[in-house]
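Enquirer: Need the 3D shape of this:
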Amino acid sequence: MQAWLTADGLDIATIGFLSLVGLPYTFKFLWAPLIDRFELPWLGRRRGWLVLTQLALAGVLFALAATSPTGSIRVFALLAVLVAFVSASQDVVIDAWRTEVLPPPERGLGASLNVMGYRLAMIVSGGLALIWTDPVQGDGRTWPEVYRLMALLMVGAAALSALALPRVPARAGPASAARRDVVGFVAMLAAVALGVGLSERFAEPLAQALVGGWLAGGTLPAALQQRWVELLALMLGIAVTLPLAAWAARRARFETLLGGLRSYFGQRGATSFLLFIVLYKLGDAFAGSLMTPFLLKSMAYGPAEVGVVNKVFGLWLTIGGALVGGALMLRLGLWRSLFVFGLLQLVSNLGFWWLAVNGKGVLPGFEIPAFDWGFVKLAAPTPVDGGLLMVVAFENLASGMGTAAFVAFLMSLCKQRFAATHFALLSAFASVGRVWVGPLAGVLAESIGWPDFFVLSAVLALPALVMLVALRDAVRALDAAPPDAAS
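Expert: A predicted model of the protein is given here:
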């Protein structure tokens with residue numbers, strides 16, 4: 001989506017704010033209890049929800065393909081939020097299924113294979129899509145054509161899920177009243193709607209009153225001042241909406257959600273683990289939040305070059321890093337893997353600082369010859385910058401290794417009775433950095449420049465490593481825990 005918005009001429013700060021369409025990923029634990037509580041008929045536990053979400057994704061992607069981001073930006077953003085909502089729901093089902101079928105010794109390798117599948121999908125949707133849409137070097141397809149193709153792929157995924165996915169053995173679900181869970185969920189949604197309505201009406205005037213005068217006395221352009229006001233308004237809105245939703249869930253006795261939360265917070269170090277989960281990928285998420293516009297707009301690389309290096313070569317290296325990371329975890333254990341791979345993630349962010357400072361052409365590159373494989377082609381030979389390739393290679397290897405360890409860590413915290421609720425809660429906290437840093441990253445990149453922006457991203461990776469040292473014994477205890485301890 002960032003590449004589509006960049007090609008249509010939207011500014012960096014606006015693109016940063018539109019990363020908020022990923023908000024459902026940070027709140028998916030609110031409806032995950034319904035997936036734990038209810039099973040759809042015919043396909044059994046987990047598979048029914050998976051097929052439903054994949055077909056729904058296909059439908060919404062078709063609708064998004066028919067909408068112009070510049071002509072109908074509000075409708076486009078709402079449809080993108082709906083894509084994120086259904087996609088987050090699909091993640092809830094997949095994460096719960098994986099958690100239920102993998103015993104502890106297989107979690108590291110299972111997480112690696114999960115990363116491999118995710119990154120292969122990114123090669124198609126990111127790398128090939130950028131080549132398809134390059135008017136000079138690629139196929140010259142439009143972004144709506146690409147989105148329609150992605151919708152068809154989701155239809156195929158739904159068919160595969162229905163026919164080939166192994167059934168999950170039936171387990172005792174949360175013993176709560178179905179009617180009360182539905183009423184609780186509806187009450188919580190109503191509270192969220194009320195919070196959003198109050199935020200839209202009062203948050204921005206309040207933010208303007210709090211910081212408008214201070215910003216006006218500075219040197220920032222008026223447009224960037226307004227972005228900072230909007231960012232504070234967003235934070236104020238969240239500060240109102242989340243407590244309202246929590247109050248409604250308790251009042252309506254949304255028992256599957258409340259029981260799942262009690263089960264998680266009943267284990268040792270639960271709150272500290274949540275904070276660590278937010279921090280571990282924060283620096284990585286900050287550096288990557290605007291990577292596509294940085295490479296396309298600020299560094300002036302061509303779409304085909306970015307597609308080949310960042311989205312194809314880079315993602316294959318991420319897959320390699322994930323598989324190597326999963327294999328190393330068998331020897332290193334969970335704690336040492338998290339620390340070593342997290343340190344590599346920090347160092348890799350400084351590679352983009354080097355690229356922003358030195359620019360293109362510092363290191364020798366090479367040329368990819370033209371090709372036509374039917375489903376993708378390069379119309380002419382495409383140069384690949386050596387500096388770009390080096391930086392992307394290191395970053396993706398480190399990211400793949402860190403992600404494999406991180407997913408295995410999340411799985412070790414889940415109890416199978418509430419697998420969907422627990423993993424949704426944990427992964428929602430994990431996505432805080434990826435989703436919430438977008439608006440701040442866009443404003444900061446324009447305010448302080450790209451080199452300082454990437455130095456800041458490396459600094460943001462330090463607190464997680466410091467916290468990991470303090471949590472050493474608690475994390476090592478997870479390696480030895482039976483799969484359903486404390487269920």
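
Enquirer: give the contact list for T133.
Expert: Each residue near T133 by CB atoms under 8 Å, 6 or more residues apart in numbering is listed here: A3, A7, D139, G140, R141, T142, W143, V146, P303. C-beta: built from backbone N, CA, C; applies to glycine.

Enquirer: The same query, at a cut-off of 6 Å, please.
Expert: R141 (CB atoms under 6 Å, 6 or more residues apart in numbering).

Enquirer: Tell me how far A216 lies from V229.
Expert: 10 Å (CB to CB, to the nearest Å).

Enquirer: same deal with T142?
Expert: For T142, the distance to V229 - CB to CB - is 35 Å.

Enquirer: more crowded one of these two?
Expert: Set side by side, T142 and V229 show more neighbours around V229, with 21 against 15, by other CB atoms under 10 Å.

Enquirer: Number of residues surrounding the closest residue to A66 other than its chain neighbours?
Expert: Once flanking residues are discounted, A66 sits nearest to P144: 6.8 Å by CB to CB, 6 or more residues apart in numbering. Counted with other CB under 10 Å, the neighbours of P144 add up to 15.

Enquirer: what's the answer for G361, then?
Expert: Counted with other CB under 10 Å, G361 comes out at 11.

Enquirer: Leaving out sequence neighbours, find the closest residue to it.
Expert: Closest to G361 by CB to CB, 6+ apart is D385, at 6.7 Å.

Enquirer: Q90 now?
Expert: In space, Q90 comes closest to T53 once its chain neighbours are excluded; the distance is 4.0 Å by CB to CB, 6+ apart.

Enquirer: So what's the residue count around that neighbour?
Expert: Neighbours around T53, by other CB under 10 Å: 25.

Enquirer: ok, residues contacting stretch 181-199?
Expert: Stretch 181-199 has contacts (CB under 6 Å, 6+ apart) with R37, G237, V240, T241, L244, A245, A248, A249, A252, F254, T256.

Enquirer: which other helices and strands contact the helix or strand hosting the fourth one?
Expert: Pointing back at T241 there. Using DSSP states H and E, T241 sits within helix 222-251. On a contact count with 3 or more CB pairs under 6 Å, 6 or more residues apart in numbering; DSSP states H and E, helix 222-251 meets helix 178-198, helix 204-216.

Enquirer: So what's the gap between the following helix or strand past that helix and the chain middle?
Expert: Using DSSP H and E, the helix or strand that follows helix 222-251 in sequence is helix 255-265. The chain centroid and the centroid of helix 255-265 are separated by 24 Å under CA atoms, centre = their mean, to the nearest Å.

Enquirer: Check what contacts helix 255-265 and list those residues.
Expert: For helix 255-265, contacts defined as CB under 6 Å, 6+ apart pick out 33, 36-37, 174, 176, 180-181, 249, 270, 415, 418, 421-422.

Enquirer: Highest neighbour count among those residues?
Expert: For the contacts of helix 255-265, neighbours tallied by other CB under 10 Å; top is T421, 32 neighbours.

Enquirer: Can you pull out the low-pLDDT segments for the protein?
Expert: Along the chain, segments meeting pLDDT under 70 span 13, 137-138, 169-177, 223-224, 310-312, 315, 373-377, 416-417, 432-439, 480-487.

Enquirer: What about the spatially most distant residue from the centre of it? Give its phi and psi, please.
Expert: For the chain, the largest distance from the centre (CA atoms, centre = their mean) belongs to G217, which lies 36.4 Å off. In terms of degrees, to the nearest 10, the main-chain angles of G217 are phi -80, psi 0.

Enquirer: Strands of the chain, residue ranges please.
Expert: Here the chain has its strands, by DSSP state E, at 366-368, 371-372, 377-378, 382-384.

Enquirer: Determine which of the ones you listed approaches L350 most closely.
Expert: L350 lies closest, by CB to CB, to one member of the strands of the chain: strand 382-384, at 21.4 Å.

Enquirer: re earlier: angles on the backbone of the residue nearest to G361, please.
Expert: phi -70, psi 130.

Enquirer: burial count for V306?
Expert: 26.

Enquirer: From A304, how far out is the nearest residue to it once chain neighbours are set aside?
Expert: Nearest non-adjacent residue to V306, counting by CB to CB, 6+ apart: L295, 4.9 Å away. L295 sits 12 Å away from A304, taking CB to CB as the criterion.

Enquirer: Then I131?
Expert: 5 Å.

Enquirer: Likewise for L149?
Expert: 18 Å.

Enquirer: Likewise for F406?
Expert: 32 Å.

Enquirer: With S298 instead?
Expert: Separation of S298 from A304 (CB to CB) stands at 18 Å.

Enquirer: ok, these two, which is more surrounded?
Expert: Between S298 and A304, counted using other CB under 10 Å, A304 has the larger neighbour count: 25 against 14.

Enquirer: Would you confirm that the more buried one contacts W132?
Expert: No: between A304 and W132 there is no contact under CB atoms under 6 Å: 9.7 Å.

Enquirer: Next, the angle from the helix holding T241 to helix 178-198.
Expert: 150 degrees (axes from the mean of the first three to the mean of the last three CA atoms, to 10 degrees).

Enquirer: P383 pairs with what?
Expert: E367 (DSSP bridges).

Enquirer: what number of residues lie near it?
Expert: 15.

Enquirer: now swap in G259 and tell me
Expert: Neighbour tally, G259, other CB under 10 Å: 19.

Enquirer: From V196, how far off is it?
Expert: Remark: distance between G259 and V196 (CB to CB) = 27 Å.

Enquirer: again, but for G269
Expert: 33 Å.

Enquirer: ok, now V469?
Expert: From V469 to V196 the distance is 40 Å (CB to CB).

Enquirer: of the two, who's got more company?
Expert: V196 (15 against 9).

Enquirer: State the phi and psi torsions of the nearest residue to R167 once chain neighbours are set aside.
Expert: Spatially, and ignoring its direct neighbours in sequence, R167 is nearest to G44 (4.8 Å; CB to CB, 6+ apart). Dihedral angles phi and psi of G44 (degrees, to the nearest 10) take the values phi 80, psi -180.

Enquirer: Isn't G44 up against A162?
Expert: No: counting by CB under 6 Å, A162 is not a contact partner of G44; they are 10.6 Å apart.

Enquirer: Quote the end-to-end distance of stretch 66-73.
Expert: For stretch 66-73, the separation between the terminal residues is 12 Å (CA to CA, to the nearest Å).

Enquirer: I meant to write stretch 164-184 there.
Expert: Stretch 164-184: ends 35 Å apart by CA to CA.
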